[in-house]
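Engineer: the following comprises the amino acid sequence and a computationally predicted model.
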Amino acid sequence: MFEFSIFIIYPLLAAGFCYLAKDLRIQFGASLVIALLHLGLSLFVFLGFYQPHMPTYFAVDSLSKLFLLILSNVYFWVVLVSYSYLKRPVMPKAEGGKKLYFLLLNFYLASNSAAILSNHFGMYWVAAEATTLSVVPLIYFYRNEESLEAMWKYLFLVSVGIAFAFIGILLLALSAKETVPEEKQLFFQLFIRNATLLNPIWLKASFIFIFVGLSTKIGIAPMHSGDVDATSNAPSPVAALMSGSLRITALLGVMRILQIIRPTSSYEFARVILIVGALLSVFVAFVFMFKVNNYKRMLAYSSVEHLGIILLGLAVGGLAFIGAIYHTIYNSITKVVLFLTAGNIHRTYKSREVDRVASVLDRMPKTGWLFVLAFFAISGIPPFGIFFSEIKIFEGILFSDKPYVLAIVMFFLLFIFINMGKIIFAMLYKEGTGQHSREETERFELNHIVVIFLLILLTAIAIASPDILYRNIMNIANDFGVRL
Amino acid sequence: MENVLSILFCLSLFYVVVTTRVKGYVTVLRVQGLILTVLLMIPFYYHFSFYGIIIPVTLLLVKVFFIPGYINKIIIDLDIKRRIEPTIQQISFLLLVIATMVVIFLASHILSRSTGLDVIPFASGFSAIVIGIFIMMFRKKLILHVAGFLIMENGIFLFSTAVASELPMMIELGVLLDVFVVVFLMGIALNRISDTFKGFEVRHLERLKD
Amino acid sequence: MDIEILQGILSITVILGVAPLFAGFVNKQKAKLTGRTGAPVLQPYYELQKLFRKETINAANSSFVSRVAPVLNLVSLIIAAAMLPVGFARPLISFNGDIILFAYMLGLARFFQILAAMDIGSSFEGMGASREATFALFAEPIFFFTIGSISFISGMTSFYGIYHSIQLDNISYVVFIVICSISVSMLAITECSRMPVDDPNTHLELTMIHEVMILDNSGIDLWLYQYSSYLKLFIYAVLEISFFYPFSAKSYLIGLIIFIVGGIVLTFVLGIVETVTSRYRMKNIPQYLLFATAIGILNLLIYTFTK
């Protein structure tokens, strides 16, 4: 119970504490302590020093260990920079949002941990819904019209999507009728063991519903619009949190149903649907990169693209599957880096439009250079981690039974890279209208330290490739029945 | 008995489709909540179980009192005009709904030969889900989108009774709580939207386009 | 065999004689509910008697159709009335499939009315005729889906057989019958031009449907039209009451009493509905009818899939 309480109950208590404590600093301190505990414990569990015991409805397996670590990591860094972020001046209307900020963050941590650690489809669903509810008020932080509309669309679309996922879960229960798991409720392991006994019609229907429903939350086509709007209008730490950890929690749901479908005859059907969805996402990112003129929206579409690549890797299987799991780790870290630097740029230029941002390298050299490095990282340039994971995914696709998919994906990725580069280099090098004064040199802040540390971490994990990580991922691959 | 309740449920769906009053939607939500509560109370007619009475009572409170009451409050606060201007012709909408229900019933009948399920609650629940989606697509006022979402949730509930697997009590309560909080948040959002945009129709939410 | 024919003749005589009384009761209820004393219950008889003595005038440019149509209208309605089961007697005309003849006899009556209205040549009546035709179009499926679903379930195709197979034993069947009766009542409201489809008291151009078609008739023609409208109302009333009539009752007297009580309850209900509702806008009426059809279809779906 000790682990359970640290992961879930303590953040809830901290949320309550943040409600009572009025001073922002005390809230920040409490949240930081909880985040540190969370990170520490998830690291311990991951490294195998500690075998946790969980109450019913929760369990730990290799996949949850990894995703929990990703969540802890992203959350910790986001909380760390949050305080300096909240101290920045904002419009008077937005002051109200600051009071709820840490409360919602802690609640988010609790519900996301519950979702990752859950063992039961019903519990997963409730926790996923809770994460939506905790993130939605955070999107509205700036209290202006665009963020209001973004919040409404996100709330609505994701709620409908999650309702669809619930229908899928019910259909899954229906597929188990008259077979062994019938009365034993919706535990993952039970379903995985008895997967071949399930009724294929209902299993396929369930898969479609869960996939379409959760795709609103993962942020892939065809229902990506709410997510893109929300990510581009939320404050930067929240956007980093969402891109880094919320999407992969939703992805976890799809992976679980994939795990169940794997031994059955419907596996090919599921694979085809996933590949189509993934290609569609990359296509959407490809199309919209041409005309986006808001750099945060560009980053949101880049999230769509990368989640599409991850999904493609998962669906194709083999080496691509392994690459996809590595990609989740690297993608999370890189997204945090990107959104934090973009947040710096936003603070200085007070606008999200690319046209208004000019000569970043002159005015904010440190942020500018970090932004360049982040762009290289997300585009898959070595030595950053995404290069290695994308290589694995592409190699896996090449040697699978659908090599033409690789050609399509690389075509899209090429143009996405070109467009992103065009926008970013325009922001960095373009001559502005020159009314900004040159006297304020940029100070070296906590933001920058965090970003540099994360970039180093990204490189280090990729190059050092610790054995522990490798073994964990091979375990996951084993669970999913992937053969190299 | 479930069949009777399901047919009453479907009749309420028809009423939602033809009504031109906003309050009509609230009435339908109350009626549907009541039907679902009675549906859940049926097993207790035979053996009374104190522990198990919690869920129907909570369901009653949430679906019949809290949520429709909250929507009523929003309607009064925002002084939403009481009439609905639909997006497509009423008759075409009703025809579409009838055609959909026929297709769903026939499909469930065909499917019920391979798996044992109660056809009527299954088909009623599924048609409520589809009609909820239609309402979300074809109505302009935002509060009606929320109502369509709630109708969809009611349909999911009916559907889950037809699927007849036991969801543990904690999860059921969690589901209800989630729905309630979602509606609460939507209400707050609507308040802000009406303050900011001076209106609450879909055409006001058009800024975030690419 | 003889008893049956006698019972059939008794049924049709009862229907023909009691029809204006029913309309009189409905008007009395409406008056009572709005606080007036109202006309006496036998007023429709007095009206018919008065019309009998008046002179018949036809429009200048009308043809033989206007002379013939009122009679044909009434004759079709009498034939339709002969197919209704009153009490548990066998109706005068009863064979397998007579429900379809019934529906189209009513349709034929309406056809003659519309024809006569158009024959007069005034745009006033033509407008009423077109409205009546449109609403009849939407009303036809209601009858077939409702009565058809009962006949589908019971397996009988004549009124006598259908109504005798209604056993109100289990609750789902009761609900089924109640919903069928609601559907038929919506049909009745349309066919008999009652509120909320048409106001029998208004004579404003924009709002008339049925009244306008008989506007130019007088004397015997008007007598025929008035009587046929009373008859139509009573035909539908009998249909409604028979839904709840316990056809398995053994004694004729008890059956008669139940029938009369049912009739009075129906007048009460009809009076309330007429007083409380206001007329729908013209363009909403097809939707109202489609709603009744939808209820009928739903009934059919649910109850065929449970059998």
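Structural biologist: Arrived safely, thanks for sending.
Engineer: contacts only, for C:Val212.
Structural biologist: C:117, C:124-125, C:127-128, C:205 (Cβ atoms under 8 Å, 6 or more residues apart in numbering or on different chains). The C-beta positions use only the backbone N, C-alpha and C, and glycine is treated the same way.
Engineer: may I have the phi/psi pair for the nearest residue to C:Gly128 once chain neighbours are set aside?
Structural biologist: Closest residue in space to C:Gly128, ignoring its immediate chain neighbours: C:Val212 at 3.4 Å, by Cβ to Cβ, 6 or more residues apart in numbering or on different chains. Dihedral pair for C:Val212: phi -70, psi -20, per degrees, to the nearest 10.
Engineer: which one of the contacts of C:Val212 is nearest A:Phe375?
Structural biologist: Checking the contacts of C:Val212 against A:Phe375 by Cβ to Cβ gives C:Met127 as the nearest, at 73.1 Å.
Engineer: just say helix, strand or coil for that closest one.
Structural biologist: At C:Met127 the chain is in helix, as set by DSSP: H, G, I helix; E, B strand; the rest coil.
Engineer: likewise A:Ala15?
Structural biologist: helix.
Engineer: and it, how close does it get to chain B?
Structural biologist: Using Cβ to the nearest Cβ, to the nearest Å, A:Ala15 is found at 14 Å from chain B.
Engineer: about what we covered before: the residue nearest to C:Gly128 and chain A, how far apart?
Structural biologist: 50 Å.
Engineer: again, but for C:Phe291
Structural biologist: Distance of C:Phe291 to chain A, given as Cβ to the nearest Cβ: 27 Å.
Engineer: that residue should be in a helix, yeah?
Structural biologist: Yes. Judged by three-state DSSP, C:Phe291 forms part of a helix.
Engineer: and the pLDDT at it?
Structural biologist: For C:Phe291, the pLDDT comes out at 88.
Engineer: surely it touches B:Leu94?
Structural biologist: Yes. Contact criterion Cβ atoms under 8 Å: C:Phe291 and B:Leu94 qualify, at 6.9 Å.
Engineer: overlap in contacts of these two?
Structural biologist: B:14, B:18.
Engineer: hmm, back to that, so the residue nearest to C:Gly128 versus C:Leu21, what's the distance?
Structural biologist: Separation of C:Val212 from C:Leu21 (Cβ to Cβ, to the nearest Å): 26 Å.
Engineer: go on, C:Ala117?
Structural biologist: C:Ala117 sits at a distance of 28 Å from C:Leu21 (criterion: Cβ to Cβ).
Engineer: cool, and A:Ala130?
Structural biologist: A:Ala130 is 68 Å from C:Leu21, where distance means Cβ to Cβ.
Engineer: ok, the two, which is more surrounded?
Structural biologist: The neighbour comparison of A:Ala130 against C:Leu21 (other Cβ atoms under 10 Å in any protein chain shown) goes to A:Ala130, with 21 against 18.
Engineer: briefly note if the helix or strand containing the more buried one comes near chain B.
Structural biologist: Applying DSSP states H and E as the criterion places A:Ala130 in helix A:121-139. Yes. With Cβ under 8 Å from any Cβ of the partner chain as the criterion, chain B is reached by helix A:121-139 at A:122-123, A:125-126, A:129-130, A:133, A:136-137.
Engineer: show me the contacts for residue 43.
Structural biologist: Chain wasn't specified; assuming chain A. Residues near A:Leu43 by Cβ under 8 Å, 6+ apart: A:69, A:72.
Engineer: my bad, chain C
Structural biologist: For C:Gln43, the contact set (Cβ under 8 Å, 6+ apart) comprises C:24, C:27.
Engineer: for chain B, what is the nearest residue in the stretch 151-300 of chain A?
Structural biologist: Of all residues in the stretch 151-300 of chain A, A:Ala173 sits closest to chain B, at 4.0 Å by Cβ to the nearest Cβ.
Engineer: ok, that residue touching A:Leu186?
Structural biologist: Yes. If you go by Cβ under 8 Å, A:Ala173 and A:Leu186 touch, sitting 6.1 Å apart.
Engineer: how many other residues sit next to the closest residue to chain A within the stretch 1-150 of chain C?
Structural biologist: Of all residues in the stretch 1-150 of chain C, C:Ser149 sits closest to chain A, at 29.3 Å by Cβ to the nearest Cβ. Residues near C:Ser149, counting by other Cβ under 10 Å, number 23.
Engineer: A strand includes it, no?
Structural biologist: No. C:Ser149 sits outside any strand when classified using three-state DSSP, being helix.
Engineer: how near is it to A:Arg143?
Structural biologist: Distance check for C:Ser149 against A:Arg143: by Cβ to Cβ, it reads 57 Å.
Engineer: any idea how far C:Ala59 is from A:Tyr124?
Structural biologist: Separation of A:Tyr124 from C:Ala59 (Cβ to Cβ) stands at 78 Å.
Engineer: of the two, which one has the most company?
Structural biologist: Neighbour count, other Cβ under 10 Å: between A:Tyr124 and C:Ala59, A:Tyr124 has more, with 24 against 14.
Engineer: which element is the closest residue to C:Ile171 other than its chain neighbours on?
Structural biologist: The shortest distance from C:Ile171 to any non-neighbouring residue, by Cβ to Cβ, 6+ apart, is to B:Val4 (6.3 Å). In the assignment (DSSP H and E), B:Val4 maps to helix B:2-18.
Engineer: average pLDDT across that helix?
Structural biologist: The model assigns helix B:2-18 a mean pLDDT of 86.
Engineer: and that helix, what other elements does it pack with?
Structural biologist: Packed against helix B:2-18 by the contact rule (3 or more Cβ pairs under 8 Å, 6 or more residues apart in numbering or on different chains; DSSP states H and E) you find helix B:22-46, helix B:90-111, helix B:119-138, helix B:142-163, helix C:171-191, helix C:285-306.
Engineer: can you redo these as a markdown table with mean neighbour count?
Structural biologist: Listed next are the helices and strands packed on helix B:2-18 as a markdown table, based on neighbours: other Cβ atoms under 10 Å in any protein chain shown:
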| stretch | mean neighbour count |
| --- | --- |
| helix B:22-46 | 18 |
| helix B:90-111 | 17 |
| helix B:119-138 | 23 |
| helix B:142-163 | 24 |
| helix C:171-191 | 20 |
| helix C:285-306 | 22 |
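Engineer: buried ones in the one helix or strand A:Gly29 maps to?
Structural biologist: Here A:Gly29, judged by DSSP H and E, is contained in helix A:24-47. Neighbour counts using 16 or more other Cβ atoms under 10 Å in any protein chain shown place A:24, A:27-28, A:30-32, A:34-35, A:37-39, A:41-42, A:45-46 of helix A:24-47 among the buried residues.
Engineer: identify the residues contacting the residue in the stretch 201-307 of chain C that chain A sits nearest to.
Structural biologist: In the stretch 201-307 of chain C, the residue that lies nearest chain A is C:Phe305 (18.3 Å; Cβ to the nearest Cβ). Residues counted as contacts of C:Phe305 (Cβ under 8 Å, 6+ apart) are B:105, B:109, B:119-120.
Engineer: and A:Ala221, by the same measure?
Structural biologist: When the contact criterion is Cβ under 8 Å, 6+ apart, the partners of A:Ala221 are A:215, A:277, A:280-281, A:283-284, A:304, A:308.
Engineer: quick check: the farthest pair among the residues you listed?
Structural biologist: Taking Cβ to Cβ as the measure, these span a maximum distance of 14.3 Å, between A:Ser215 and A:Phe283.
Engineer: higher neighbour count, these two?
Structural biologist: When neighbours are counted by other Cβ under 10 Å, A:Ser215 and A:Phe283 differ, and A:Ser215 comes out ahead with 26 against 17.
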